[in-house]
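A.B. asks: could you work out the structure for the sequence below:
(chains A, B and C)
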Amino acid sequence: MKSLRKELWFEVPGRRGFINITPQVEASVRESGVKEGLVLVNAMHITASVFINDDESGLHADYEKWLEKLAPHEPTSQYLHNRTGEDNADAHMKRQVMGREVVVAITDGRLDVGPWEQIFYGEFDGGRKKRALIKIIGE
Amino acid sequence: MKSLRKELWFEVPGRRGFINITPQVEASVRESGVKEGLVLVNAMHITASVFINDDESGLHADYEKWLEKLAPHEPTSQYLHNRTGEDNADAHMKRQVMGREVVVAITDGRLDVGPWEQIFYGEFDGGRKKRALIKIIGE
Amino acid sequence: MKSLRKELWFEVPGRRGFINITPQVEASVRESGVKEGLVLVNAMHITASVFINDDESGLHADYEKWLEKLAPHEPTSQYLHNRTGEDNADAHMKRQVMGREVVVAITDGRLDVGPWEQIFYGEFDGGRKKRALIKIIGE
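C.D. replies: Numbering: from 1, shown residues only, chains lettered A, B, ... in the order given. Model (predicted):
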């Protein structure tokens, strides 16, 4: 069994943002030499997400608006978590809706994804350095 | 390490629907000959889902109503994504709530699931041919 | 390839609750002897969740309130599923928001997680014995 581990680092300037990391995941799969296996990609932070969806800016703006409706940032005093000195309780909720991780098949040495599937790092509490993990296992 | 890859094809006539794919996943596990391992089952489309829950028609009607409340289809003009000519922005949201994929354990050559766990393909933008992927690895 | 399977049993006295199971998952990883691999942790029940987030009581109270807003328990008659004699339709929804499972990397014989990542069993229909599954594969 082969395996490979990679960290991707991000610093999203604003509070929220989506970054397409498909090229980095593809490069890691090639580097691993794995032909048949699985790749796990997960946020290493609990106010961020890794998810698969469309690389379309209108949809990303829709997600921003929709997540803000489901779990509003303001007023920050509505969340007990923010009494710890944080103001990011909403980010812990938005990340649960979008998910922590994706697991993607590797077939014949490549990411085995549908034509529109793109892998994103979703930031909900930015302005500092944060990480995602890529872990590949297979043969 | 053994591996197996299968595609399942669907054409849900209406816009939305849930299809129990547990028998097909079980058959793939048997075909793979894997005794101990993992099976990934994921939608290959970004307006569809693979999830695990109950095979109970009342619950499925409840999901339909609930998801429509969280991310309404109408008015389609509320979503920027629909300016691309699509009318399926809500489907991209519903799929995030229900999830893209499940990973299930394989133990002693069988799906290792609880008594009520059933695997579903969830369609949120039907009326055309779409796929799910089954990928099995193990020994 | 090595593998290990463990069940964790819970009996949450009230209807809902979160239990930190990170120590049990870590112990299973050590017991497996796997140095590089993946661990799947999933609820075996469809009204429960396994998810990763912060071990902070204020946040957990926020989750409780937020999930109740997204999928209220009362009135139970609003859900068709509850005509089966159950009163837990809301639990089937809350579990979809929080997710069924997590997949975590194993690196150098340890759980490969970020500094704040903790693994929880999330109960949404307690008062009886229920299980989560740990499945480890790797080398």
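A.B. asks: CA only for contacts and neighbour counts going forward, please
C.D. replies: Will do.
A.B. asks: look up how far chain C lies from the residue nearest in space to the middle of chain A.
C.D. replies: Geometric centre of chain A, nearest residue: residue A:50, 1.8 Å, by C-alpha atoms, centre = their mean. From residue A:50 across to chain C, the span is 13 Å (C-alpha to the nearest C-alpha, to the nearest Å).
A.B. asks: what's the answer for residue A:58, then?
C.D. replies: 24 Å.
A.B. asks: so that residue touches residue B:77, yeah?
C.D. replies: No - the pair residue A:58 / residue B:77 is not scored as a contact, 11.9 Å apart, by C-alpha atoms under 8 Å.
A.B. asks: quick check: neighbours shared by those two?
C.D. replies: Contact criterion C-alpha atoms under 8 Å, 6 or more residues apart in numbering or on different chains; residues shared by residue A:58 and residue B:77: residue B:83.
A.B. asks: these two: who's more crowded?
C.D. replies: Neighbour count, other C-alpha atoms under 10 Å in any protein chain shown: between residue A:58 and residue B:77, residue A:58 has more, with 17 against 12.
A.B. asks: give me the pLDDT for the residue nearest to the centre of chain A.
C.D. replies: pLDDT recorded at residue A:50 is 98.
A.B. asks: so where does it fall, helix or strand?
C.D. replies: Using DSSP states H and E, residue A:50 maps to strand A:48-53.
A.B. asks: centre of the chain versus that strand, how much separation?
C.D. replies: Its chain's average C-alpha position is 4 Å from that of strand A:48-53, according to C-alpha atoms, centre = their mean, to the nearest Å.
A.B. asks: what packs against that strand?
C.D. replies: If you count contacts as 3 or more C-alpha pairs under 8 Å, 6 or more residues apart in numbering or on different chains; DSSP states H and E, strand A:48-53 packs onto strand A:37-43, helix A:89-98, strand A:101-107, strand A:118-123.
A.B. asks: what pairs with that strand, and is each one parallel or antiparallel?
C.D. replies: strand A:118-123 (antiparallel) (DSSP bridges).
A.B. asks: determine the longest helix present in chain A.
C.D. replies: In chain A, taking DSSP state H as the definition, the longest helix is helix A:57-70.
A.B. asks: does chain B sit close to that helix?
C.D. replies: Yes - using C-alpha under 8 Å from any C-alpha of the partner chain, we find that helix A:57-70 touches chain B at A:57, A:58, A:59, A:61, A:62, A:63, A:66, A:70.
A.B. asks: what's the closest of those residues to chain C?
C.D. replies: Taking C-alpha to the nearest C-alpha as the measure, chain C sits nearest to residue A:70 out of the residues of helix A:57-70 next to chain B, at 7.8 Å.
A.B. asks: what is the burial count for the closest one?
C.D. replies: Neighbour count of residue A:70, defined by other C-alpha under 10 Å: 17.
A.B. asks: what about it, distance to residue B:5?
C.D. replies: From residue A:70 over to residue B:5 the distance is 37 Å, taken as C-alpha to C-alpha, to the nearest Å.
A.B. asks: what residues does chain A have near chain C?
C.D. replies: Within chain A, the positions near chain C by C-alpha under 8 Å from any C-alpha are A:1, A:3, A:5, A:40, A:44-46, A:70-71, A:79-81, A:83, A:89, A:92-93, A:96-97, A:99-101, A:135, A:137.
A.B. asks: sorry, back to before: just the buried ones from the residues of helix A:57-70 next to chain B?
C.D. replies: Neighbour counting with 16 or more other C-alpha atoms under 10 Å in any protein chain shown marks A:58, A:59, A:62, A:63, A:66, A:70 as buried within the residues of helix A:57-70 next to chain B.
A.B. asks: surely residue A:47 meets residue A:92?
C.D. replies: Yes - counting by C-alpha under 8 Å, residue A:47 touches residue A:92, with 4.8 Å between them.
A.B. asks: of the residues of chain A next to chain C, grab the buried ones for ChimeraX.
C.D. replies: With 16+ other C-alpha under 10 Å as the criterion, this ChimeraX line picks the buried residues out of those:
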select /A:3,5,40,44,45,46,70,71,79,80,81,89,92,93,96,97,99,100,101,135,137
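A.B. asks: buried set for the strand or helix carrying residue A:27?
C.D. replies: Using DSSP H and E, residue A:27 sits within helix A:22-32. For helix A:22-32, burial by neighbour count (16+ other C-alpha under 10 Å) applies to A:22, A:25, A:26, A:28, A:29, A:32.
A.B. asks: that one packs against which elements?
C.D. replies: Helix A:22-32 sits against strand A:2-10, strand A:110-111, strand A:118-123, strand A:130-138, with contacts defined as 3+ C-alpha pairs under 8 Å, 6+ apart.
A.B. asks: residues touching the second one, excluding its own?
C.D. replies: By that I understand strand A:110-111. In contact with strand A:110-111 (C-alpha under 8 Å, 6+ apart) are residues A:26, A:29, A:30, A:35, A:104, A:105.
A.B. asks: which one of those residues is nearest chain B?
C.D. replies: Using C-alpha to the nearest C-alpha, the shortest approach to chain B within those belongs to residue A:105, at 6.3 Å.
A.B. asks: partners of the closest one in the sheet?
C.D. replies: residue A:38.
A.B. asks: give the contact list for it.
C.D. replies: Residues in contact with residue A:105 (C-alpha under 8 Å, 6+ apart) are A:36, A:37, A:38, A:39, A:111, A:112, A:113, B:40, B:135.
A.B. asks: repeat that for residue A:9.
C.D. replies: Counting by C-alpha under 8 Å, 6+ apart, residue A:9 makes contact with A:129, A:130, A:131, A:132.
A.B. asks: then residue A:60?
C.D. replies: Counting by C-alpha under 8 Å, 6+ apart, residue A:60 has contacts residue A:18.
A.B. asks: and it, how far is that from residue A:20?
C.D. replies: Separation of residue A:60 from residue A:20 (C-alpha to C-alpha): 11 Å.
A.B. asks: now do residue A:134
C.D. replies: Distance, residue A:134 to residue A:20, by C-alpha to C-alpha: 14 Å.
A.B. asks: between these two, who's got more neighbours?
C.D. replies: residue A:134 (22 against 18).
A.B. asks: please report the distance of the residue nearest to the more buried one when sequence neighbours are not counted from chain B.
C.D. replies: Using C-alpha to C-alpha, 6 or more residues apart in numbering or on different chains and skipping the chain neighbours, the partner closest in space to residue A:134 is residue A:41 (4.6 Å). Note on residue A:41: its distance to chain B, by C-alpha to the nearest C-alpha, is 13 Å.
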